[in-house]
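>>> Got a sequence here, can you build the structure:
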Amino acid sequence: ALETTKIHSVVGRVKENVGLMAHRPFRSPHHTISDVALVGGGAYPQPGEISLSHNGVLFLDELPEFKRSVLEVMRQPLEDREVTISRAKFTVTYPSSFMLVASMNPSPSGFFNDPGSPNTSSPAEMQRYMSKIRGPLLDRIDIHIEVTPVPFEKLSEERRGESSVDIRKRVTAARQKQTERFADNEKVHYNAQMSVR
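Take a look at the predicted model:
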C-alpha cells in the first residue's frame, strides 16, 4: 500500500486526506496510448501506466491495436519489474511489478473460431494482424486462453454462475497459502516475485 500510494502521489493522483490507497490499482489505457505515456517520461520523468499499475493489474484490451513500439517497450519492465527513465542530468527508476492481462479478437473480423459465422479475413490480413504481437512479448504472458463465442441462448438462460463473493474467497485462500509458503522470505510473497536468474 505504501509503494502504490507513493507512485500515485508523484503524479498527483492521491487526493488529500485519503491516506493510503486501500485497493490494488487497475489500469486500462486506450490503444492509442504513446510509449512515453505507458512507460513514463517527460522533462521531469513521471511514472507511466505500467508503474501506476504496480501491485495491481494492467489491462490491454484489443492488444494488436496497440502500436508495435508501445508493446515493445513493455518487454523489459515485465522482465525486470522496474522501469528506468534516463535524461541528460539524471536517471529515475520506478517499480513496475504488475499483472498483465490482455484481450484480442482471434482475427481482424473477429469470426475466426466462430462456427456460426464465416471467417472473412484473408490469410494476408490474418498474418498482418497477428504479426503486431511479437514472440518475445508473448513469451512473457504465462497463460493463453482461447474463448469461443457463446450462443445467445446460453447467455440468456436463467442458470446463474459462481458469484464474485465465492471467487474472491478462493483467491483470498490462494493468496494466504502463498503467504504461508513464503513466510521465511522477506522479499518474496508470491510466485511472480521469485527470481528466474
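
>>> how about the closest residue to V39 other than its chain neighbours, phi and psi?
Distances taken as CB to CB, 6 or more residues apart in numbering place G48 nearest to V39, at 4.6 Å, with adjacent residues excluded. For the C-beta atoms, the positions are set from N, CA and C on the backbone; glycine is no exception. Main-chain dihedrals, G48, degrees, to the nearest 10: phi -100, psi -170.

>>> Quick one: the strands in the protein, in order.
With DSSP state E, the ranges of strands along the chain come out as 26-27, 40-41, 46-47, 57-60, 82-86, 91-95, 99-102.

>>> Switch those strands over to a markdown table; also include mean pLDDT.
Shown next, in a markdown table, are those (pLDDT from 0 to 100):
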| stretch | mean pLDDT |
| --- | --- |
| strand 26-27 | 94 |
| strand 40-41 | 84 |
| strand 46-47 | 88 |
| strand 57-60 | 94 |
| strand 82-86 | 87 |
| strand 91-95 | 88 |
| strand 99-102 | 92 |
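
>>> could you dump these to CSV with distance to G161 and mean neighbour count?
Formatted as CSV, these follow (distance: least, CB to CB, whole Å; neighbours: other CB atoms under 10 Å):
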stretch, distance to G161, mean neighbour count
strand 26-27, 21, 16
strand 40-41, 38, 22
strand 46-47, 37, 22
strand 57-60, 21, 20
strand 82-86, 37, 17
strand 91-95, 35, 16
strand 99-102, 19, 16
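
>>> Kindly reformat those as TSV containing distance to E125.
Below are those laid out as TSV (distance: least, CB to CB, whole Å):
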stretch	distance to E125
strand 26-27	30
strand 40-41	34
strand 46-47	37
strand 57-60	21
strand 82-86	34
strand 91-95	38
strand 99-102	20
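
>>> Identify, by residue count, the longest helix of the protein.
In the chain, with assignment by DSSP state H, the single longest helix is helix 164-181.

>>> what about that one, average pLDDT?
The pLDDT scores in helix 164-181 average 90.
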